[in-house]
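K.L.:
Requesting a structural model of the entry that follows:
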Amino acid sequence: MKKLFILGTVLFFCLFFVGCSWIITPTIIPDNGGMEEYDSQFISLLNELDTPSKLMSYLKDSTQYVTHIGRYTPYEFFLKKEGDCADYSIFSCYVLHCHDYNVYSVYIEFFNELSGHVITVFEHKNTDQYSGYTLAKYGYISGRNIYPTGYFNMLDTIEDCVYNFTKWPEGEGYIVKSYEVHPWNYCGYRTTVP
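P.N.:
Numbers count the residues shown, from 1 in each chain. Below you'll find the predicted structure:
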């Protein structure tokens with residue numbers, strides 16, 4: 001009887017822990033984001049940042065814009081909590097892609113600037129909600145700022161996102177020379193030495 005009780009208890013705990021793993025499914029990430037070893041805090045953050053608005057809150061509250069030479073991997077950006085437009089775009093594209101957003105890295109060149117700028121353009125999902133905004137097809141992230149579709153700026157194309165950037169204080173005064181639309185992993189952080 002005692003052996004049966006112990007066997008039953010062991011079986012219960014085995015089924016309990018296996019059952020819990022079926023209920024809590026981790027985010028499937030497209031690659032390791034630059035992690036050399038598994039980091040549960042990084043994976044937990046990826047799971048939390050499942051919408052563009054949550055991603056933006058994290059970027060505003062936890063990171064700072066700093067120019068530097070090179071590019072950070074998403075994981076390095078997570079550790080350093082700082083970076084320039086390319087780093088923000090790499091991280092934003094990576095996180096949104098992990099949550100099945102159609103996302104693009106868009107490089108913009110300007111007539112009146114020597115250096116360009118990179119923004120992250122994403123297609124809204126039906127579940128996205130922003131107070132005071134009507135959703136069209138796209139929104140975009142530039143550094144620590146998100147630009148969802150508003151009442152007066154219907155972002156129905158990627159080109160709309162590019163030219164909308166020049167209307168906000170961050171991009172005011174810039175004159176677009178050209179832009180290039182690339183896939184979410186365009187910046188090639190895996191092959192870039194910071």
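K.L.:
Please make it C-alpha for all contacts and neighbour counts, starting now.
P.N.:
Fine.
K.L.:
can you pull the contacts of the residue nearest to residue 111 when sequence neighbours are not counted?
P.N.:
Once flanking residues are discounted, residue 111 sits nearest to residue 177: 5.2 Å by Cα to Cα, 6 or more residues apart in numbering. Shown in contact with residue 177 (Cα atoms under 8 Å, 6 or more residues apart in numbering): 108-111.
K.L.:
now, which of the residues you listed sits nearest residue 65?
P.N.:
Taking Cα to Cα as the measure, residue 65 lies nearest residue 108 of the contacts of residue 177, at 18.3 Å.
K.L.:
The host helix or strand of that closest one - what's its average pLDDT?
P.N.:
Taking DSSP states H and E as the definition, residue 108 sits inside strand 103-110. Average pLDDT, strand 103-110: 94.
K.L.:
So what's the residue count around residue 119?
P.N.:
Per other Cα atoms under 10 Å, the neighbour tally for residue 119 reads 26.
K.L.:
Please tell me how far it sits from residue 106.
P.N.:
Taking Cα to Cα, to the nearest Å as the measure, residue 119 falls 5 Å from residue 106.
K.L.:
same thing with residue 170?
P.N.:
Using Cα to Cα, residue 170 is found at 16 Å from residue 106.
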